[in-house]
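Visitor: My questions concern the predicted model and sequence given below.
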Amino acid sequence: MITSFQLVDFKNFADETLRAGPFTVIVGANASGKSNIRDAFRFLHGIGRGYTLAEIIGGKYGAGGQVEWAPIRGAASELIRFGQSGFFLRVDLRLDGITAQYSIGVLYDGGSRSGFRVTVEELVFWSRCIYTSYPDEPDPVRDQDDDAHLLLRMEKTGEQRKYGHRIAVRPDQPALTQIREHKNVVRTHKDYVQLVIDTLAGIRFLDPMPDLMRKPAFPGQTVLGDNGENLPTVLQEICANPERGAVFYEWARELTPMDVANFDFPRDPITGLVQLVIGETNERKVSAYSASDGTLRFLAMLAALLGEHPTLHDRHVARLYVFEEIDNGIHPSRLRLLLDLIEGQTAKGGIQVITTTHSPDLLAMIGDDTFNNTSVVCRLPDTDDAVIRSVCELPDSEKLRHSQGLGRLHASGWMEDALVFTGEDEERVE
Ligand SMILES: Nc1ncnc2c1ncn2[C@@H]1O[C@H](COP(=O)(O)OP(=O)(O)O)[C@@H](O)[C@H]1O
Ligand SMILES: [Mg+2]
């Protein structure tokens with residue numbers, strides 16, 4: 001599980017930290033920076049996938065020109081806070097009971113060959129440094145051929161807490177995904193490195209687009225796309241497992257507005273693609289083409305929440321889902337059920353969910369644990385920078401939540417007001 005995420009000079013954050021729990025809710029006005037946090041998570045995910053910085057930021061395309069990885073939103077140099085030349089991200093993780101910290105600093109040098117390069121990077125497990133960029137030389141070192149490399153100090157295994165040897169890696173790609181192949185890195189360190197890679201590579205993003213969910217899917221595609229692609233085959237796989245299928249049907253019947261009796265997954269005899277057909281209790285069959293947007297969104301979320309979450313290397317590492325505007329297109333009367341599902345599933349520990357929302361109805365219903373992991377993103381007046389604050393730390397938030405309800409507080413703009421007010425207070429104290 002990711003327990004906190006620090007963003008320094010990333011988009012509109014000067015130096016802010018998001019605290020995260022099993023289920024984390026992010027609120028904030030339009031253009032406050034909520035999706036910028038998602039973009040930062042995509043950067044982490046891109047690292048886990050083993051891409052170079054240029055690929056993570058600018059996108060990666062297959063041999064046929066198909067998009068393997070979409071670029072991060074915004075022009076390349078816009079990932080960095082305006083007026084700065086680089087950004088820094090640090091993530092705290094709890095992996096199978098072990099705490100770890102991974103951090104990376106990236107510099108954009110428009111003139112150089114690669115554009116982006118890693119300047120600092122570090123991986124720490126249980127306060128033991130696995131590797132760190134060479135402290136005396138924080139910037140990549142260039143040799144005669146103009147091939148820069150980042151020097152890393154590896155920790156020695158065993159009782160000695162001293163650094164072992166140093167190794168060089170290319171600065172155009174995070175060291176994390178380079179040193180697992182390195183001959184001078186010991187096995188135990190490689191295992192730690194792999195655990196972090198898998199955690200980052202396991203992050204999933206869901207921003208459902210009903211039109212894409214309506215499309216038939218290739219048989220065997222069991223990974224739900226970021227926009228809900230492959231919904232038919234993902235649901236087919238869930239339904240094929242009796243236990244999972246039963247839970248899925250139960251939730252689908254509760255959540256979807258019409259009476260779902262069953263799902264069919266007919267295969268087109270010509271194209272071989274799998275179609276989703278929803279059977280209603282009145283025996284009518286509705287293909288995904290004519291299913292409502294709301295129904296499809298629900299199904300995508302169910303697919304994400306109830307799908308298989310294979311444990312990584314037999315370790316209990318929660319898979320992180322980053323949802324955009326979870327309430328979008330969903331009737332308030334169904335929100336409660338959706339919330340129950342997410343709070344229940346995340347409490348079990350197999351998955352972690354971070355979502356944005358604009359819905360006062362949803363905020364009014366969240367449980368105490370979720371409240372403790374709700375953050376507000378807000379642009380302070382007279383600056384372009386945004387801050388991230390835990391709502392439970394705003395003065396009197398607990399009391400006001402009980403007297404007025406968090407939904408009302410949110411709708412009235414109280415969170416932002418409280419934040420600006422305390423911000424001014426702090427400045428005065430200084
Ligand atoms: N490199 C940057 N430096 C400073 N601010 C930025 C940068 N890139 C984007 N922004 C700010 O972030 C805003 C968009 O934030 P976004 O996360 O999309 O908002 P929302 O909270 O609605 O999801 C832009 O309007 C812009 O003001
Ligand atoms: Mg947004």
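Guide: Thanks, I have it. Ligands and ions are numbered 1, 2, ... in the order given.
Visitor: Dig out what the residue most central in space within the chain forms beta bridges with.
Guide: Centroid check for the chain by CA atoms, centre = their mean gives Val322 as the closest residue, at 4.1 Å. Beta bridges link Val322 to Phe205, Ile354 when assigned by DSSP bridges.
Visitor: Which element, helix or strand, includes Pro171?
Guide: Using DSSP states H and E, Pro171 maps to neither a helix nor a strand.
Visitor: which residues does the residue in the stretch 151-300 of the chain that ligand 1 sits nearest to contact?
Guide: Here the stretch 151-300 of the chain gets closest to ligand 1 at one residue, Asp207, 11.1 Å apart by CB to the nearest ligand atom. (C-beta placed from N, C-alpha, C; glycine too.) Residues near Asp207 by CB atoms under 8 Å, 6 or more residues apart in numbering: 226-227, 323-324.
Visitor: Turn the residues you listed into JSON lines, columns for distance to Ile197 and pLDDT.
Guide: Below are the contacts of Asp207 laid out as JSON lines (distance: CB to CB, whole Å; pLDDT from 0 to 100):
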{"residue": "Asp226", "distance to Ile197": "20", "pLDDT": "88"}
{"residue": "Asn227", "distance to Ile197": "25", "pLDDT": "92"}
{"residue": "Phe323", "distance to Ile197": "23", "pLDDT": "94"}
{"residue": "Glu324", "distance to Ile197": "25", "pLDDT": "91"}
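Visitor: In strands, which of these fall?
Guide: Phe323 (DSSP state E).
Visitor: so which of the contacts of Asp207 comes closest to Val186?
Guide: Asp226 (36.2 Å; CB to CB).
Visitor: Check the offset of the host helix or strand of Leu362 from the chain's centre.
Guide: Following DSSP H and E, one finds Leu362 within helix 360-365. The chain centre lies 22 Å from the centre of helix 360-365; the measure is CA atoms, centre = their mean, to the nearest Å.
Visitor: now stretch 208-219
Guide: 22 Å.
Visitor: Look at that stretch and report the distance between its end residues.
Guide: 20 Å (CA to CA, to the nearest Å).
Visitor: re the thing from before, compare the contacts of Asp207 and tell me which is most surrounded.
Guide: Phe323 (25 neighbours; other CB atoms under 10 Å).
Visitor: list the contacts for that residue?
Guide: 206-207, 301, 304, 353-356.
Visitor: Looking at the residues you listed, spot the one nearest ligand 2.
Guide: Thr356 (6.4 Å; CB to the ion).
Visitor: now the helices for the stretch 151-300 of the chain?
Guide: 187-201, 210-213, 231-240, 242-255, 293-306 (DSSP state H, counting those that start in this stretch).
Visitor: Now the shortest one - C-alpha only, PDB.
Guide: When you say that, I think you mean helix 210-213. Listed next in PDB are the C-alpha coordinates belonging to helix 210-213 (Å, rounded to 0.1, in the frame of the first residue of the first chain):
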ATOM      1  CA  PRO A 210     -18.900   4.200 -21.900                       C
ATOM      2  CA  ASP A 211     -18.400   4.200 -25.700                       C
ATOM      3  CA  LEU A 212     -15.100   2.300 -25.300                       C
ATOM      4  CA  MET A 213     -16.800  -0.200 -22.900                       C
END
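Visitor: Give me the contact list for that helix.
Guide: 225, 227-229, 231, 288, 293, 296-297, 299-300.
Visitor: Any chance of those residues in JSON lines with distance to ligand 1 as columns?
Guide: Output for these, formatted as JSON lines (distance: CB to the nearest ligand atom, whole Å):
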{"residue": "Gly225", "distance to ligand 1": "21"}
{"residue": "Asn227", "distance to ligand 1": "17"}
{"residue": "Gly228", "distance to ligand 1": "19"}
{"residue": "Glu229", "distance to ligand 1": "22"}
{"residue": "Leu231", "distance to ligand 1": "25"}
{"residue": "Ala288", "distance to ligand 1": "28"}
{"residue": "Asp293", "distance to ligand 1": "20"}
{"residue": "Leu296", "distance to ligand 1": "22"}
{"residue": "Arg297", "distance to ligand 1": "18"}
{"residue": "Leu299", "distance to ligand 1": "24"}
{"residue": "Ala300", "distance to ligand 1": "20"}
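Visitor: Need the max-distance pair from those residues.
Guide: Farthest pair in the contacts of helix 210-213, by CB to CB: Gly225 and Asp293, 16.5 Å.
Visitor: Next, work out how far apart Leu224 and Leu299 are.
Guide: 10 Å (CB to CB, to the nearest Å).
Visitor: ok, which pair from the contacts of Asp207 is furthest apart?
Guide: Asn227 and Phe323 (12.1 Å).
Visitor: bridging residues for the residue of the stretch 101-250 of the chain found nearest ligand 1?
Guide: With CB to the nearest ligand atom, the shortest gap between the stretch 101-250 of the chain and ligand 1 falls at Tyr108, namely 10.6 Å. Following DSSP bridges, Tyr108 is listed with bridge partners Phe116.
Visitor: residues near it, how many?
Guide: 20.
Visitor: Neighbour count for Leu224 and Leu299, which is higher?
Guide: Leu299 (28 against 24).
Visitor: Leu235 is in contact with the more buried one, correct?
Guide: Yes - here Leu299 reaches Leu235: they are 6.6 Å apart, a contact under CB atoms under 8 Å.
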